[in-house]
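A.B. asks: Give me coordinates for this.
(2 chains)
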Amino acid sequence: EVQLVESGGGIVQPGGSLRLSCEASGFTFRSFWMHWVRQAPGKGLVWVSRINSDGTSTNYADSVKGRFTISRDNAKSTLYLQMNSLRAEDTAVYYCVRDDNSGTLDSWGQGTLVTVSS
Amino acid sequence: DIQMTQSPSSLSASVGDRVTITCQASQDISNYLNWYQQKPGKAPNLLIFDASILETGVPSRFSASGSGTDFTFTISSLQPEDIATYYCHQYDNFPPSFGQGTKLDIK
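C.D. replies: Have a look, this model is predicted:
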């Protein structure tokens, strides 16, 4: 069974940093592209970032480009999202999501809440 | 960027009703469209991929169709456990994008 477990969320002041982690199990992590998708309170789903299976290619939404960095450690089956220069509008639940390698987001973690507030 | 427009944004129906949600893409996305169900407080769950293929384990009352720019998602007979928000998602063009969601509740 595919499992994705996010951690690292919390409350941070504007301008601060946070690193999210996502531990994967139940599948061969190194073989799959991975994404982060976020959802502000009461709002819809917004794609944030993706990384290819070996970590050599990354993409970002314009809203986070230059502030967020996605990475992965295939030896640890773990996905990361380093978030710097956080803004109030980054407040959201962040989901770690597996890509079936065709673009379909087929498995989602339970999410971790990031709150940016002074 | 491709814009995905879902309608309606909310819908109230009775148990047993046939429910239909539409999703329109701002440009041709072929069949690169998925549908997700999100129950309150939970993560989204993939129901349908490639516009019309039911994910394993998803009840057959769920179906979808379409290609190009116009897509339809249908629940043939609404059940109480179907109360959720439904999202379409295109993955034809970068960046991937979602519809704004359709919140479904019981009348």
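A.B. asks: contacts, neighbours, all on C-alpha from now
C.D. replies: Fine.
A.B. asks: Wasn't residue B:81 part of a helix?
C.D. replies: Yes: using DSSP: H, G, I helix; E, B strand; the rest coil, the secondary structure at residue B:81 is a helix.
A.B. asks: Name all residues that make contact with residue B:51.
C.D. replies: B:31, B:32, B:33, B:34, B:35, B:64, B:65, B:66, B:67, B:71 (C-alpha atoms under 8 Å, 6 or more residues apart in numbering or on different chains).
A.B. asks: would you turn those into a markdown table with pLDDT, secondary structure and neighbour count?
C.D. replies: Shown next, in a markdown table, are those (pLDDT from 0 to 100; DSSP: H, G, I helix; E, B strand; the rest coil; neighbours: other C-alpha atoms under 10 Å in any protein chain shown):
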| residue | pLDDT | secondary structure | neighbour count |
| --- | --- | --- | --- |
| B:31 | 97 | coil | 20 |
| B:32 | 98 | coil | 20 |
| B:33 | 98 | strand | 28 |
| B:34 | 98 | strand | 27 |
| B:35 | 98 | strand | 29 |
| B:64 | 98 | strand | 22 |
| B:65 | 98 | strand | 17 |
| B:66 | 98 | strand | 18 |
| B:67 | 98 | strand | 18 |
| B:71 | 98 | strand | 21 |
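A.B. asks: out of those, who's near chain A?
C.D. replies: Here is what survives when these are matched to chain A using C-alpha under 8 Å from any C-alpha of the partner chain: residue B:34.
A.B. asks: ok, the contacts of residue B:51 vs residue B:24, which is closest?
C.D. replies: Ranking the contacts of residue B:51 by separation from residue B:24, with C-alpha to C-alpha as the measure, puts residue B:71 on top at 6.2 Å.
A.B. asks: Show me what the closest residue to that closest one other than its chain neighbours is bridged to.
C.D. replies: Setting aside the residues directly before and after it, residue B:71 is nearest to residue B:23 in space (C-alpha to C-alpha, 6 or more residues apart in numbering or on different chains), at 5.1 Å. In this entry, residue B:23 is beta-bridged to residue B:6, residue B:71, by DSSP bridges.
A.B. asks: these two touch, right, residue B:23 and residue B:99?
C.D. replies: Yes: under the contact definition of C-alpha atoms under 8 Å, residue B:23 touches residue B:99, with a separation of 7.2 Å.
A.B. asks: Next up, the contacts around the spatially most central residue of chain B.
C.D. replies: For chain B, the residue whose C-alpha lies nearest the mean C-alpha position (C-alpha atoms, centre = their mean) is residue B:35; its distance is 3.9 Å. With contact set as C-alpha under 8 Å, 6+ apart, residue B:35 has these partners: B:46, B:47, B:48, B:49, B:51, B:73, B:86, B:87, B:88, B:89.
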